[in-house]
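>>> Have a look at this prediction, sequence included:
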Amino acid sequence: MKKFIALILPIIIISCAGQAMVEVGMYDESLAEAPLGDVVMRVTKIELAEDNTYNTIWESANHVEVGVQSSDFVSITNNYVEITPGSYQSIRLTVDSVGYVSDSTVMLVETSYQFIANAFSQIVIDENDDLQLAITINSSSWLDTDSMKIKEGHVAFEGAALRVYYGN
């Protein structure tokens, strides 16, 4: 009987492992003055880094519009997704198009493109947590809104950061 309990106990513990829920979104908190407009993209995959590998937490295709100079949270996942509790410092997004919309739309990236947003320090997500994780797109470092192009020597979403979103 003791052998049976010793054998079954790890299975019970593993199957009772807790989960956490996150909603993933974006916002832009750039400080430079810029004309009004939106960075638009179609996000196809979100992956969280754990150790040295990226684990997919969401895969679909969602059109997202992030207001330049806006701190409003725009959801990518449109709901909470289940993740394993742990410490996370980076998230990788795959998009298949990126554009800038002001008076007209200018495509900036028209192919599948991945970028990584890093947190300043580990974000600890405990069992049963419900959090909003936000990627700040930091448009002022890579987007020239005058020419409606990516700045020379820069890439889209350069300097993107991962944070817990607490709202305004």
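Cool, the structure landed. Numbers count the residues shown, from 1 in each chain.

>>> could you pull out the helices for the chain?
2-15 (DSSP state H).

>>> in it, which spans are strands?
20-27, 38-50, 53-67, 74-75, 81-83, 86-101, 105-109, 113-125, 130-136, 143-144, 149-150, 161-164 (DSSP state E).

>>> I'd like those as JSON lines, with mean pLDDT appended.
What follows is the strands of the chain, written out as JSON lines (pLDDT from 0 to 100):
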{"stretch": "strand 20-27", "mean pLDDT": "96"}
{"stretch": "strand 38-50", "mean pLDDT": "95"}
{"stretch": "strand 53-67", "mean pLDDT": "95"}
{"stretch": "strand 74-75", "mean pLDDT": "96"}
{"stretch": "strand 81-83", "mean pLDDT": "96"}
{"stretch": "strand 86-101", "mean pLDDT": "95"}
{"stretch": "strand 105-109", "mean pLDDT": "92"}
{"stretch": "strand 113-125", "mean pLDDT": "96"}
{"stretch": "strand 130-136", "mean pLDDT": "96"}
{"stretch": "strand 143-144", "mean pLDDT": "90"}
{"stretch": "strand 149-150", "mean pLDDT": "92"}
{"stretch": "strand 161-164", "mean pLDDT": "96"}
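
>>> now the most centrally placed residue in the chain: how far from E110?
Central residue of the chain (CA atoms, centre = their mean): I135, 4.7 Å from the mean position. Distance, I135 to E110, using CB to CB, to the nearest Å: 21 Å. For the C-beta atoms, the positions are set from N, CA and C on the backbone; glycine is no exception.

>>> and what of S140?
For S140 relative to E110 (CB to CB), the value is 23 Å.

>>> Compare neighbour counts for these two and give me the winner.
Comparing S140 with E110 by other CB atoms under 10 Å, the one with more neighbours is S140, at 19 against 10.

>>> pLDDT value on that one, please?
With respect to pLDDT, S140 scores 88.

>>> Touching, A160 and F115? I think so.
Yes: the criterion here is CB atoms under 8 Å, and A160 meets it with F115 at 6.0 Å.
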